[in-house]
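# give the three-dimensional model of this entry:
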Amino acid sequence: MGSRTIALACASVLSVASSVSAQNPAVDSMTPLQKAVACASPPILATDPPGDALRVAGSQDVVGRNAFGTPEVLVLSGGLDHDVKVNNLYFVRRVVRGAETIKDKLPHMVQTAGWVRVVSVNQKMALASPEHTCGEIRTGDYLEPFVPPAVTESAAMAPLVQTELNFDAYSRVLHGESMRNSIGTNEFAMIDHGLDYNIRVGTRFAVYRDLKLAQNPLKRIGEAIAVMVGPQLTVVRVTSSRDAVFSGDVLVPRMADGVTVPQPAAPVQ
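Got it, this is the predicted structure:
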């Protein structure tokens, strides 16, 4: 398709954008904590985006750019042919690679750049407007359906009590956001277990550190709660700490309000 054809197609799509209603109560009422959780890296690793994923193809700016913020009118790589509809919401994500990993086939962390709303669509393409940006959106980023995260606000959380801990089902901190090795209170961390250890959103953990000193027990340094759970990874929010939480620290699930302490899932026979 030539550049003139693309330009005319975009103009045709844009002509209906002004009539779109942007009402979505579940999204419009998202709390700051929900937005923060939605911006966190999801608890998955990926080698590449799904082969049929929608992508950000560019923008309608008169200047050629590869990085976008808000406000913008973004051009998407598909339209009705990808079942895209006006008012659809999508996460914008990318597989994080560096110069040393750009060509490898290993799974890597996925980063959330924000989420966008489709404002107009035709058969082959669509236009979208960023609803929220967590960082810059780039050409080539891929889209996934947006679902507001279910979170328990701090004020609504049941009081923490010193309940039973299951050290047989412990997990370890892998990293914080942007692969950082230290995490503070109210920040997010990725841990190395998920549904495979029966972790669920809302599971609470005590955070411990092993000082690796002979006859010296683990040191409790804080508390955390699961906010997003994947098959083998979980994103937790550090709810309290008396020191920074570091990669390698231990998270031990606790029982609260009569909920059974998570146990490792039985292996598949």
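# Ser120 and Thr139, how far apart?
Distance of Ser120 to Thr139, given as Cβ to Cβ, to the nearest Å: 19 Å. Where you see a C-beta, it was placed from the backbone N, CA and C, and this is true even at glycine.
# Arg93 too?
14 Å.
# which one of those two is surrounded by more residues?
A side-by-side neighbour count of Arg93 and Thr139, using other Cβ atoms under 10 Å, places Arg93 first with 24 against 16.
# who's in contact with that one?
Under the criterion of Cβ atoms under 8 Å, 6 or more residues apart in numbering, the neighbours of Arg93 are 42, 49, 110-113, 141-144.
# one more: Glu223?
Going by Cβ under 8 Å, 6+ apart, Glu223 touches 160, 204-207, 238-241.
# mind listing which of the residues you listed are in strands?
Secondary structure from DSSP state E places 204-207, 238-241 of the contacts of Glu223 in strands.
# so which of these comes closest to Cys134?
Val238 (18.6 Å; Cβ to Cβ).
# residues near the closest one, how many?
Burial of Val238 is recorded as 25 neighbouring residues (other Cβ under 10 Å).
# quick one: name whatever helix or strand follows the longest strand seen in the chain.
In the chain, ranked by residue count with DSSP E as the criterion, the top strand is strand 108-121. With elements assigned by DSSP states H and E, the helix or strand that comes after strand 108-121 is strand 126-133.
# that following strand pairs with which strands?
When sheet partners are counted by DSSP bridges, strand 126-133 sits next to strand 74-76 (antiparallel), strand 108-121 (antiparallel).
# where does pLDDT dip in this protein?
Counting by pLDDT under 70, the chain contains low-confidence residues at 1-26, 154-156, 158-162, 256-269.
# and stretch 81-97, end to end?
Across stretch 81-97, the terminal residues are separated by 30 Å (Cα to Cα, to the nearest Å).
# buried sites along it?
82, 84, 86, 88-95 (16 or more other Cβ atoms under 10 Å).
# how far does it sit from its chain's centre?
In terms of Cα atoms, centre = their mean, to the nearest Å, the centre of stretch 81-97 is found 14 Å from the chain centre.
# swap in stretch 164-175?
The chain centre lies 22 Å from the centre of stretch 164-175; the measure is Cα atoms, centre = their mean.
# what's the first-to-last distance across that stretch?
Here the two ends of stretch 164-175 are set 26 Å apart, with distance taken as Cα to Cα.
# what lies in contact with it?
With contact meaning Cβ under 8 Å, 6+ apart, stretch 164-175 is reached by 181, 183, 189-193, 197-199, 205-206, 233-234, 245-255, 261-264.
# which of those residues are buried, as a PyMOL select command?
Burial among those is assessed by 16+ other Cβ under 10 Å; the matching PyMOL selection reads:
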select buried, resi 183+189+190+191+193+197+198+199+205+206+233+234+245+246+247+249+250+251+252+253+254+255+261+262
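# the contacts of stretch 164-175 in strands, which ones?
183, 189-191, 205-206, 234, 245-246, 250-253.
# residues near Asp141, how many?
Applying other Cβ under 10 Å, we find 24 residues neighbouring Asp141.
# before we move on, what about Asp210?
Asp210, neighbours per other Cβ under 10 Å, totals 13.
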